[in-house]
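Asks: this one's sequence-less:
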């Protein structure tokens, strides 16, 4: 299980995730983010009350379809959906119990008045300019590319046993799927983030503070969005928001922000880009 560092007392905190649903982390030692985590769980539980009704309606609809088709295999659909929802409910239940236990054991006196700056952020401050920037490939992209490669191999294998009339289609799917996946998942983020490269190489570095974090639903998927603020060298307070690609940044945390001193509104934080700074001396 991934962990983050409490910005108030420095304790390690586990990150709980149920499929695509991120739960607010909290510190059971000093109480950081405890109220926000409780509010988020209560909101999810309120929305989840309609899930059993949806499962029952889906089961009835699929049950009639299975009777007409005389195929009980169709019933696996609501069963799998119900199993997924069970894990979500169980995750929320476990988080709720952990919050209740933390309320009885927290010691607010352990929290510091100012957020703790991550040592990794302090290390970035010591890097000479121009900083060395690299493109990082997320593990999810690697998984999708491997899946596409397996699909391509399957296309070639299927082509070997296909009839002559359909063999060319199998070859075409096997040849095209990997380049298309590569272009969409690698090249598009690479060229999109090239605009951030100059800021991370030569821009000014400020220590920002996360003001809020929320999960945004985008179609069938969701992502984490953060709001942050920082003070430029000119004394100007800048507020901005960004997509958190790491899903590990939350309220009150300190984050590095690279900005253009001539226009601080042009800024980027490392969690919002696939670019990363190299701290190696060579």
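Replies: Structure's in. What do you need? None of these values were measured; they are calculated from a predicted model.

Asks: Show residues contacting the longest strand anywhere in the chain.
Replies: Of all segments of type strand in the chain, defined using DSSP state E, the longest is strand 204-218. Residues outside strand 204-218 that contact it (CB atoms under 8 Å, 6 or more residues apart in numbering): 21-22, 24, 115, 117, 121, 124-125, 222-233, 239, 244, 249-261, 269. (Glycine included, C-beta is placed from N, CA and C.)

Asks: Show me what the longest helix seen in the chain is packed against.
Replies: For the chain, the longest helix by residue count, based on DSSP state H, is helix 76-105. Counting contacts by 3 or more CB pairs under 8 Å, 6 or more residues apart in numbering; DSSP states H and E, helix 76-105 packs against strand 17-18, helix 34-48, helix 51-69.

Asks: what's the least confident stretch among the ones you listed?
Replies: Across the helices and strands packed on helix 76-105, strand 17-18 has the smallest mean pLDDT, namely a mean of 58.

Asks: buried sites along stretch 256-264?
Replies: 256, 257, 258, 259, 260, 264 (16 or more other CB atoms under 10 Å).

Asks: The second one against residue 267, yeah?
Replies: By that I understand residue 257. Yes - here residue 257 reaches residue 267: they are 5.3 Å apart, a contact under CB atoms under 8 Å.

Asks: Spit out the residues that contact these two alike.
Replies: residue 230.

Asks: Next up, the contacts around the closest residue to residue 11 other than its chain neighbours.
Replies: Spatial nearest neighbour of residue 11, chain neighbours left out: residue 29 (4.6 Å); criterion: CB to CB, 6 or more residues apart in numbering. By CB under 8 Å, 6+ apart, residue 29 lies in contact with 6, 9, 11, 106, 107, 110.

Asks: Average pLDDT for the longest helix of the chain, rounded please.
Replies: Mean predicted confidence for helix 76-105 is 78.

Asks: partners of the longest strand of the chain in the sheet?
Replies: As defined by DSSP bridges, the strand partners of strand 204-218 come to strand 221-231 (antiparallel), strand 254-260 (antiparallel).

Asks: List the buried residues of that strand.
Replies: Those would be 204, 205, 206, 207, 208, 209, 210, 213, 215, for strand 204-218 by 16+ other CB under 10 Å.

Asks: Much appreciated, bye for now.
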